[in-house]
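Asker: test case, fold it:
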Amino acid sequence: MPRDTERTLRISTLTLAVVALSLWIFATVEQLFERVADVVLVFVFAWALAYLLAPAVMWLERRAHLGRLSAVLIVYAGMVVGLAIALALVVPVIVTQLSGLVTNAPQYGEALAGRVLQLQRDLTSRGINVDLATIYAAIPERLAAMAAAIASQSVALVGATLTLLFDVTLVAIVAFFMLIDGERLWLDLLSALPADLRSEAELLRYSADRSFGGFLRGQLILGFAYGVIVLIAFLILGLPFAVLLAVSSGLLMVIPFFGAIIATFPPVLVALTQSLELAVGTFIAVAVIQNVMTNFVGPRLMAQTVGIHPLLVFAALLVGARVAGLWGVFLALPIAGILNVFARYALEVASGRRARTEASRMLSEREQRRARR
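Answerer: Down below sits the predicted model:
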């Protein structure tokens with residue numbers, strides 16, 4: 001066998017072996033991740049909760065001169081009291097409205113089907129041939145079956161609720177230890193790094209705190225504000241199940257980009273069971289509120305909390321959705337905020353305006369400039 005041919009076969013065999021080994025490692029890691037996915041999610045949500053609560057803990061440490069443990073305990077106590085008050089006020093109303101929605105689902109299905117048939121006749125009289133009747137003919141039966149399924153699975157629903165409460169408690173416990181010992185663990189890590197890497201690690205941490213923490217807080221503020229505003233609009237319009245629809249709409253608005261689209265349908269469908277005029281009014285109200293919140297309030301809020309221009313907010317959301325779908329939408333703004341900070345840092349280092357050991361001073365200097373404006 002010629003030497004060149006033998007060498008080519010060896011390279012090809014080695015390449016195939018490397019590819020096969022890589023695929024095996026990838027499959028093994030994927031299986032391992034599937035087994036520990038629940039644990040990973042608990043730590044991810046705990047990390048997010050710690051981000052949300054960290055500013056309050058730091059404020060108590062600075063202003064009230066409390067120790068770390070005392071500040072964390074006070075913040076947790078305030079969170080528990082606030083949640084208890086909110087649940088006591090909102091949950092009974094939601095349970096009552098949800099029960100009424102499930103009980104009256106067949107009647108609402110019939111009303112909705114009647115509106116569809118009326119719309120079908122109007123379209124046909126105008127020469128528009130769209131077969132809406134066939135699509136929605138089974139609405140009452142499907143809604144009745146859905147209501148029966150929910151009622152028959154009450155035991156499973158209770159079990160799922162208990163599991164959720166256990167997971168929430170576990171997240172709160174892990175976040176508690178992150179808030180108490182996270183700073184000490186971070187300092188131990190920094191002490192093992194050289195000076196330039198230590199400064200850049202500090203910059204990474206500060207930018208991540210600002211980007212991820214600001215993004216989470218901004219989305220929660222946006223969802224809460226949207227829920228309150230649409231609740232007022234639904235009450236003025238006389239929409240049934242106004243509190244339930246407002247709470248679900250506010251939760252959906254926490255999802256960037258796609259949440260606003262999904263939040264449009266439930267209130268409009270409920271309004272359609274009452275009258276076509278109410279459905280049109282609800283759609284107009286929701287569209288106007290969403291336009292203001294997503295195009296004016298949201299980008300400016302994110303620009304303040306994450307620290308990037310509103311145009312970059314739109315660009316980051318579009319790129320994130322294109323690259324990684326829903327997870328990309330959630331992570332786009334925080335990652336864009338971190339990249340924005342490091343791009344500025346790289347330009348300053350390349351131009352000689354800053355040494356690598358001065359990286360951690362960047363965000364503090366920017367905060368001081370913003371405070372003087």
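Asker: all helices of the stretch 151-300 of the chain, in order?
Answerer: 154-191, 195-208, 214-237, 242-253, 259-272, 276-292, 298-306 (DSSP state H, counting those that start in this stretch).
Asker: mean pLDDT and mean neighbour count added to the ones you listed, as TSV?
Answerer: C-betas here are computed from N, CA, C, even on glycine. TSV is the format used below for the helices of the stretch 151-300 of the chain (pLDDT from 0 to 100; neighbours: other C-beta atoms under 10 Å):
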stretch	mean pLDDT	mean neighbour count
helix 154-191	74	13
helix 195-208	79	17
helix 214-237	88	19
helix 242-253	88	22
helix 259-272	85	19
helix 276-292	89	16
helix 298-306	72	20
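Asker: out of the ones you listed, nearest to Pro55?
Answerer: helix 214-237 (8.0 Å; C-beta to C-beta).
Asker: report all helices and strands that the closest one contacts.
Answerer: helix 3-63, helix 242-253, helix 259-272, helix 276-292, helix 298-306, helix 310-350 (3 or more C-beta pairs under 8 Å, 6 or more residues apart in numbering; DSSP states H and E).
Asker: TSV for the helices of the stretch 151-300 of the chain, including distance to Val75?
Answerer: Shown next, in TSV, are the helices of the stretch 151-300 of the chain (distance: least, C-beta to C-beta, whole Å):
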stretch	distance to Val75
helix 154-191	8
helix 195-208	21
helix 214-237	14
helix 242-253	23
helix 259-272	28
helix 276-292	32
helix 298-306	19
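Asker: which stretch among those helices comes nearest Val93?
Answerer: That would be, of the helices of the stretch 151-300 of the chain and by C-beta to C-beta, helix 242-253, which comes in at 4.7 Å.
Asker: what packs against that closest one?
Answerer: Helix 242-253 packs on helix 68-103, helix 214-237, helix 259-272, going by 3+ C-beta pairs under 8 Å, 6+ apart.
Asker: between those, which gets nearest to Phe176?
Answerer: Here helix 68-103 is closest among the helices and strands packed on helix 242-253 (C-beta to C-beta), at 6.4 Å.
Asker: how far is the closest one from where the chain is centred?
Answerer: For helix 68-103, the separation from the chain centroid amounts to 19 Å (computed by C-alpha atoms, centre = their mean, to the nearest Å).
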